[in-house]
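Student: One predicted model, sequence on top.
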Amino acid sequence: MLIYSEHHRSSHVELKGVRMKFKSLIKLLVVMLVATIPGVIATAPSSAIGTTTYTSPQWNKILKEAKGQTVNWYMWGGGAKINTYVNDYIGAEAKKLGVTLNQVKLNATPEAVNKVLGEKQAGKNTGGAVDMIWINGENFATGVQADIWHCNWATKLPNAKYVDWTSSSVNSDFGLPVNGCEAPWATASSGLVYDSKVVPKSAVASLDGFISWAKANPGKFTYPAPPDFNGSMTVRRLFYHANGGYSNFLGTYNAATFTPAMAKAATFLNDLKPALWRKGATYPANIGDLEKLYANGEISAYFNYGALASFANVQTGLFPTSTRVAAFKEGMIGNISYVAVPYNSPNKAGAQVIANILQSPAAQLKMQVDGVIGSPAIVMSKTPLAAQYRSLPIHPSSVSPATLAKNANPELTAAWLKAIDAGWIKDVQQK
């Protein structure tokens, strides 16, 4: 099974020494779990970054209420590595605290948001079916607009002391203030995944260089059709490039700015079309389909929010050992994955317990060791596992999170995203 980032990656084949390091780290992780599992101590330490967490009595009350609850976590379910992590690790840790985690797999996040919206419209203000959603961006914004989120909890979790709530990339989600309505659990910096036997290193230094290579090697590059998460990200990155950067698109959506910018981007993307796989006559539906094309050698490069974890597919033999990850000198788009709790969830306490487990240093470290998704959502240098995190080996097929995050391009507000997706469908896909 191939993987994804909102949506990411899989596991094993390579150098003996690297394998031994990973085994040692996993053993060490098991030893450290007991000390770092989110538990009953919750008073905010002086080192808390931009927040005050629940007091011990407050958190103990939530833990008590959570016991016996089953939390229905609605989330994208197309990633085998993520599903294993959620069920076998996070689920097991929740069980230790008396909470049952039930993963409800989705093809796309709007399915869950629409379910809650439907319940609200029907007057079902208690006993909702959805307890927690993996979310960000326009889906979160839709919920804010409809007032369907349970708020005033995310900055108070015991492990929120490790989250840098002073950072605008954390306290704002695609430009929209989080306001304690969602808790971060993973950071994603998109990157270019490519086969170094086919794509020369010189072609991935800059986006201009890569586009020139793609046009000289037709059929070896493509992207999923928006509104797919990774497809939309790829189109946005090319939209920025066609318009000389992203600075004109920050803040509130402006139709007068968008219209000429979309025209420029459409010209650029239509010019690229003949160089795409199947000449852009059809597009992969999602990241899973895209990764199959790469694994089969039909394409040799693609943009992915889960680029950092591509090494896991190399280790299983799905991807060639010549797989590499790069970030253009102009930077790549990055964002954060959150969990939100609907206003009518009957298991809000249990959902908070699971959100807290997701932010625990042990869970964040294991996410990296196993190549599950992105990079940590917490400041690992502030945790008891800082040294272990620093010593994680970087697989030959991957790069450091810092490399991908260099010159990071921001995400835009939901209105911009919807307009760009709609513009691509009208002016590129349907042309």
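Tutor: Perfect, thanks for sending it.

Student: roughly how far apart are the residue lying closest to residue 198 once chain neighbours are set aside and residue 67?
Tutor: In space, residue 198 comes closest to residue 300 once its chain neighbours are excluded; the distance is 4.0 Å by Cβ to Cβ, 6 or more residues apart in numbering. Quick note: C-beta positions are derived from backbone N, CA and C, even for glycine. Distance of residue 300 to residue 67, computed by Cβ to Cβ, to the nearest Å: 51 Å.

Student: With neighbour numbers in mind, choose between those two.
Tutor: Between residue 300 and residue 67, counted using other Cβ atoms under 10 Å, residue 300 has the larger neighbour count: 23 against 12.

Student: Quick check: what element follows the lowest-mean-pLDDT helix or strand in the chain along the chain?
Tutor: Lowest mean confidence among the helices and strands of the chain (mean pLDDT, DSSP states H and E): helix 16-36, at a mean of 37. As assigned by DSSP states H and E, the chain's next helix or strand after helix 16-36 is helix 56-66.

Student: buried ones in that following helix?
Tutor: 59, 62-63, 66 (16 or more other Cβ atoms under 10 Å).

Student: do the same with stretch 296-315
Tutor: Within stretch 296-315, the residues that count as buried by 16+ other Cβ under 10 Å are 299-315.

Student: go on, stretch 216-227?
Tutor: 220-227.

Student: Could you let me know which of those ends up closest to residue 256?
Tutor: Nearest to residue 256, judged by Cβ to Cβ, of these is residue 226 at 22.5 Å.

Student: Identify the residues contacting the closest one.
Tutor: 232, 235, 420-421, 424-425 (Cβ atoms under 8 Å, 6 or more residues apart in numbering).

Student: To which secondary structure element type does the closest residue in space to residue 85 that isn't next to it in sequence belong?
Tutor: Closest residue to residue 85 apart from its sequence neighbours, by Cβ to Cβ, 6+ apart: residue 372 at 4.6 Å. Secondary structure assignment for residue 372 (DSSP: H, G, I helix; E, B strand; the rest coil): coil.

Student: Show me where the stretch 101-250 of the chain has its helices.
Tutor: 110-121, 137-146, 168-171, 207-216, 229-242 (DSSP state H, counting those that start in this stretch).

Student: how distant is the third one from the center of its chain?
Tutor: For helix 168-171, the distance between its averaged C-alpha position and the chain's averaged C-alpha position is 14 Å (Cα atoms, centre = their mean, to the nearest Å).

Student: Check the first one too.
Tutor: Distance of helix 110-121 from the chain centroid (Cα atoms, centre = their mean) equals 22 Å.

Student: Can you give me the buried ones in it?
Tutor: Within helix 110-121, the residues that count as buried by 16+ other Cβ under 10 Å are 111-113, 115-117, 119-120.

Student: helices or strands next to that helix in the packing?
Tutor: Judged by 3 or more Cβ pairs under 8 Å, 6 or more residues apart in numbering; DSSP states H and E, helix 110-121 is in contact with strand 70-76, strand 132-135, helix 137-146.

Student: and the angle for the last one with helix 110-121?
Tutor: Angle, helix 137-146 to helix 110-121, by axes from the mean of the first three to the mean of the last three Cα atoms, to 10 degrees: 0 degrees.

Student: Run the chain-centre distance for helix 137-146.
Tutor: 17 Å.

Student: List the buried residues of that helix.
Tutor: 137-144.

Student: quick one on the thing from earlier: which stretch in the helices of the stretch 101-250 of the chain is the model least sure about?
Tutor: Note on those: helix 168-171 shows the lowest mean pLDDT, a mean of 85.

Student: Looking at the buried residues of helix 110-121, which is nearest residue 216?
Tutor: residue 111 (40.4 Å).

Student: Could I get the contacting residues of residue 277?
Tutor: By Cβ under 8 Å, 6+ apart, the contact set of residue 277 is 219-222, 293, 298-299.

Student: from the residues you listed, which is closest to residue 262?
Tutor: residue 222 (20.7 Å).

Student: Quickly list the domain ranges of this protein.
Tutor: For the chain, the structural domains run 16-187+335-394, 189-334+407-429, going by automatic domain parsing.

Student: tell me the helices in the stretch 251-400 of the chain, going along the chain?
Tutor: For the stretch 251-400 of the chain, the helices defined by DSSP H, counting those that start in this stretch cover 255-272, 287-295, 311-315, 348-358, 361-369, 386-390.

Student: Lowest average confidence across these, which one?
Tutor: helix 311-315 (a mean of 90).

Student: That one - contacts with which helices or strands?
Tutor: Where contact means 3+ Cβ pairs under 8 Å, 6+ apart, helix 311-315 is packed against strand 323-326.

Student: For the strand it packs on, which outside residues touch it?
Tutor: The contact list for strand 323-326 (Cβ under 8 Å, 6+ apart) reads 191-196, 201, 204-205, 307-308, 310-311, 313-314, 397-399, 404.

Student: circling back to that earlier point, I'd like to know which of the helices of the stretch 101-250 of the chain is closest to residue 361.
Tutor: The minimum distance between residue 361 and the helices of the stretch 101-250 of the chain falls on helix 168-171, with 16.8 Å, by Cβ to Cβ.
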